[in-house]
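**Q** Provide a 3D model corresponding to the input given below.
(2 chains)
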Amino acid sequence: MLGLTTDEPGGAAAELERRRRAPAQRVQHVLHTHPALSPAIILLLTCVAFTLLNDRFAAPAALSLLIQQTAVVAALAIGQTLIILTAGIDLSVGAIAVLSSMLAAMLAAEHGVPAPLALVVGVATGMAAGSLNGLLVTRVGLPPFIVTLGTLSVFTAIVLIYTGGQSVPGADLPDWLTWTGTTFPLGDFRLTYGVVLVALMYLVVGWALSQTAWGRHVYAVGDDSDAARLAGIRVSQVLFSVYAVAGLIYGLAAWVLIGRAGAASPNAIADANLESITAVVIGGTSLFGGRGGILGTLLGALIVQSFAVGLSLAGVDDQYRLLAVGILVIAAVSVDQWIRRVRA
Amino acid sequence: MTTTRTPVLAARGLVKTFGRVVGLDGVDVDVYEGEVLAVIGDNGAGKSTLIKCLTGALIPDAGTIICDGREVTFRRPQDARDAGIETVYQTLAVAPALDVASNLYLGREERRPGPLGSVFRMLDKHGMRRRAADAVRDLGISTIQNITQPVESLSGGQRQAVAVARAAAFGSRIVVLDEPTAALGVKESNLVLALIERLRENGLGIVLISHNMPHVWQVADRIHVQRLGRSAGVVTPSSHTMAEGVAIMTGAAAA
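**A** Residues are numbered from 1 along each chain as shown, chains lettered A, B, ... in the order given. Next comes the predicted model:
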């Protein structure tokens, strides 16, 4: 066994090997036990660098904008994190959020449904759409990639057929739906109620992941589903619940999206799938499941957005943001692979 | 005392067929508390089928299973678990990224007392950690020092020890181990064998399936030899040598 050879007193070669390995293993161990640490360091470095380039970056106005702009992707990325923790992937994130937002907006603006009811129907539709993904994954046994690739097209088509491709302008929307875009001052900052809602979602889901048996089971199922089954966990029940909860989160994110955009558009957040996956991956959650968490995802979403805000303040072309994000994604997955490899 | 004791787990006339293949052809087996019953046999002799019937992973076609003198029917592994029978599977049922304590309680997490547990479903993390540390210490698994370290940072023997500790912590009567030393080195095998002996001292009945004859002869009290779906006899390490045991197993000699 490899693990035993390092225990042997051994010769000079073993001693050299041990000395060479020790610091790297210590770093690896720390990153392993605190998966949010590497994105936290990256975010800190990013903020310091952009402040040095242009000190307006650290001003409350820029930071407020950064937080408001991050809210929608950060909300969607909570659901994406849950699914990726179970070793799945969700390509229908954006489609579900748009479906929820358009349904709520159309019901309220075109069909005269009371705003709170339209909102509830919209959010519930998100949950139903997520549940459909969950049913296809657990009952039909299809891979999540295929299921959500299919429902991505299905939900997008439903929205376009239902709306005829037309947006609902902000003027037609009741206050209930745009409430998430209302700003309020917090010290020198200006936040929206949408930001507060997203923060609450992070608290609730983070708490459920770390403090309940359900959270443990989500990790165990993603880690090794056979082992989880043998340990007595109802794997398909846990998987289904994850997709349903993710759908509910997308429905709530849709509300934040309406507030942020000030309107409901079937063409909103076209890049939501890739942006949410990027936030999760940069946040240190493993695409192979069972490792990571939503604190990292929040940091990941903030990193991506700070590149957008920072580079534009520094007067740099937006293409460089894409370049930087691409490099970060590859680096983040490399670190994850490294953490897995040196063990065992 | 030995004449009157009843087996904690017994089976009579177990039959299990898979289409035209006969897995078990009327097998009797008895497991007493505080003993290690080894099950040996060639590939296809019915060892795994026997064990799966005893632990609820398979439902026998005929025959009875008697637990503490009462006839029972195991329809799924959870039924056997509820009866105090824990199984350590050959493919270790541990989640690598979770820590030792979480793995010990995987699938039967304990909640906090009061409304925090019943309404908010909060886990009793500290309690589970404390009890997991107690369980590990009671078993003398000194190589696992930190109950909060992830299982994947452990060696193969230590992981096996975690799986055994979980079975021991929850198996109130019987612990079934399927090839627990198959993937382990010498040092690590000895750790697991010592663990098995400690479980026996604690009064549990142990069923040990193994291909490793020296290990079987080292720890077993009785050895059930399975051959071609039938029981070829029950021997003991003192009555038979390893070579004689293998001869019975392969059909070269009778028990």
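**Q** and the spatially closest residue to residue A:104 that is not a sequence neighbour, its phi and psi?
**A** Leaving aside its chain neighbours, residue A:104 sits nearest to residue A:122 (2.8 Å; criterion: CB to CB, 6 or more residues apart in numbering or on different chains). In short, each C-beta sits where N, CA and C put it, glycine included. Residue A:122 adopts backbone torsions of phi -60, psi -50, taken as degrees, to the nearest 10.
**Q** for residue A:122, give me its contacts.
**A** Neighbour list for residue A:122: A:100-101, A:103-105, A:107, A:251, A:254-255 [criterion: CB atoms under 8 Å, 6 or more residues apart in numbering or on different chains].
**Q** now with 7 Å?
**A** By CB atoms under 7 Å, 6 or more residues apart in numbering or on different chains, the contact set of residue A:122 is A:100-101, A:103-104, A:251, A:254.
**Q** what are the buried residues along stretch B:206-219?
**A** Judged by neighbour count using 16 or more other CB atoms under 10 Å in any protein chain shown, the buried positions of stretch B:206-219 are B:206-210, B:212-213, B:215-219.
**Q** next one: the residue nearest the centre of chain A from residue A:300, what distance?
**A** Taking CA atoms, centre = their mean, the centroid of chain A lies closest to residue A:77, which sits 1.5 Å from it. Per CB to CB, to the nearest Å, residue A:77 is found 7 Å from residue A:300.
**Q** okay, and the common contacts of those two?
**A** With CB under 7 Å, 6+ apart as the test, residue A:77 and residue A:300 both reach A:279-280.
**Q** just give the closest residue to residue A:242, not the sequence neighbours.
**A** Here the residue nearest residue A:242, using CB to CB, 6+ apart, is residue A:82, at 5.0 Å.
**Q** how far off centre is the helix or strand harbouring that neighbour?
**A** Here residue A:82, judged by DSSP states H and E, is contained in helix A:60-85. Distance of helix A:60-85 from its chain centroid, counting by CA atoms, centre = their mean, to the nearest Å, is 7 Å.
**Q** relative to the whole chain's centre, how far out is the very next helix or strand once past it?
**A** Downstream of helix A:60-85, the first helix or strand assigned by DSSP H and E is helix A:93-109. Relative to the centre of its chain, helix A:93-109 is centred 19 Å away, using CA atoms, centre = their mean.
**Q** I'd say residue A:251 and residue A:100 touch.
**A** Yes: the pair residue A:251 / residue A:100 is scored as a contact, 4.4 Å apart, by CB atoms under 7 Å.
**Q** so the two - more neighbours on which side?
**A** Legend: neighbour count by other CB atoms under 10 Å in any protein chain shown for residue A:251 and residue A:100, higher for residue A:100 (33 against 29).
**Q** for chain B, which residues score under the pLDDT cut-off?
**A** Applying pLDDT under 70 to chain B flags residues B:1-4, B:142.
**Q** and the closest residue to chain A within the stretch 151-255 of chain B, how far from residue B:187?
**A** Residue nearest to chain A within the stretch 151-255 of chain B: residue B:155 (3.5 Å; CB to the nearest CB). From residue B:155 over to residue B:187 the distance is 9 Å, taken as CB to CB.
**Q** residues from the stretch 201-344 of chain A in reach of chain B?
**A** Remark: the part of the stretch 201-344 of chain A in contact with chain B comprises A:211-213, A:216, A:219-220, A:223-224, A:226-228, A:230-233, A:290-291, A:343-344, using CB under 7 Å from any CB of the partner chain.
**Q** please pick the buried ones from those.
**A** Using 16+ other CB under 10 Å as the burial test, those include A:211-213, A:216, A:219-220, A:223-224, A:227-228, A:230-231, A:233, A:290-291, A:343 as buried.
**Q** got the contact list for the residue nearest to the centre of chain A?
**A** By CB under 7 Å, 6+ apart, the contact list for residue A:77 reads A:276, A:279-280, A:297, A:301.
**Q** quick one: contacts for the residue nearest to residue A:242?
**A** Counted by CB under 7 Å, 6+ apart, residue A:82 has contacts A:218, A:242, A:245-246.
**Q** check these against chain B and report the nearest one.
**A** residue A:218 (10.9 Å).
**Q** residues near the nearest residue to the closest one once chain neighbours are set aside, how many?
**A** Spatial nearest neighbour of residue A:218, excluding adjacent residues (CB to CB, 6+ apart): residue A:85 at 5.5 Å. Residues within reach of residue A:85, counting by other CB under 10 Å, total 25.
**Q** just the element for residue B:49, please.
**A** Here residue B:49 is assigned to helix B:47-54, by DSSP H and E.
**Q** cool, residue B:86 as well?
**A** Using DSSP H and E, residue B:86 maps to strand B:85-88.
**Q** could you point out which element follows that strand?
**A** With DSSP H and E, the next secondary element past strand B:85-88 is helix B:100-104.
**Q** tell me which other helices or strands that next one touches.
**A** Counting contacts by 3 or more CB pairs under 7 Å, 6 or more residues apart in numbering or on different chains; DSSP states H and E, helix B:100-104 packs against helix B:125-138, helix B:156-170.
**Q** which residues does the residue most central in space within chain B contact?
**A** Central residue of chain B (CA atoms, centre = their mean): residue B:176, 1.3 Å from the mean position. Listed by CB under 7 Å, 6+ apart, the contact set of residue B:176 reads B:51, B:54-55, B:85, B:87-88, B:207.
**Q** so it, which state does it fall into?
**A** Assigned with DSSP: H, G, I helix; E, B strand; the rest coil, residue B:176 falls in the strand class.
**Q** list the beta-bridge partners for it.
**A** Taking DSSP bridges as the rule, residue B:176 bridges to residue B:87, residue B:207.
**Q** contacts only, for the residue in the stretch 51-200 of chain A that chain B sits nearest to.
**A** Per CB to the nearest CB, residue A:85 is where the stretch 51-200 of chain A lies closest to chain B, at 10.0 Å. Residues near residue A:85 by CB under 7 Å, 6+ apart: A:218-219, A:222, A:285, A:289-290, A:292.
**Q** low-confidence ranges in chain A?
**A** Judged by pLDDT under 70, the stretches of chain A that qualify are A:1-21, A:340-344.
**Q** tell me which stretches of it form strands.
**A** For chain A, the strands defined by DSSP state E cover A:183-186, A:189-192.
**Q** most packed of the ones you listed?
**A** strand A:189-192 (a mean of 18; mean count of other CB atoms under 10 Å in any protein chain shown).
**Q** what comes into contact with that strand?
**A** Residues contacting strand A:189-192 (CB under 7 Å, 6+ apart): A:60, A:63-64, A:67-68, A:180-184, A:259.
**Q** may I see the PyMOL selection of the buried members of those residues?
**A** The PyMOL selection below is limited to those of the contacts of strand A:189-192 classed as buried (16+ other CB under 10 Å):
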select buried, chain A and resi 63+64+67+68+180+181+259
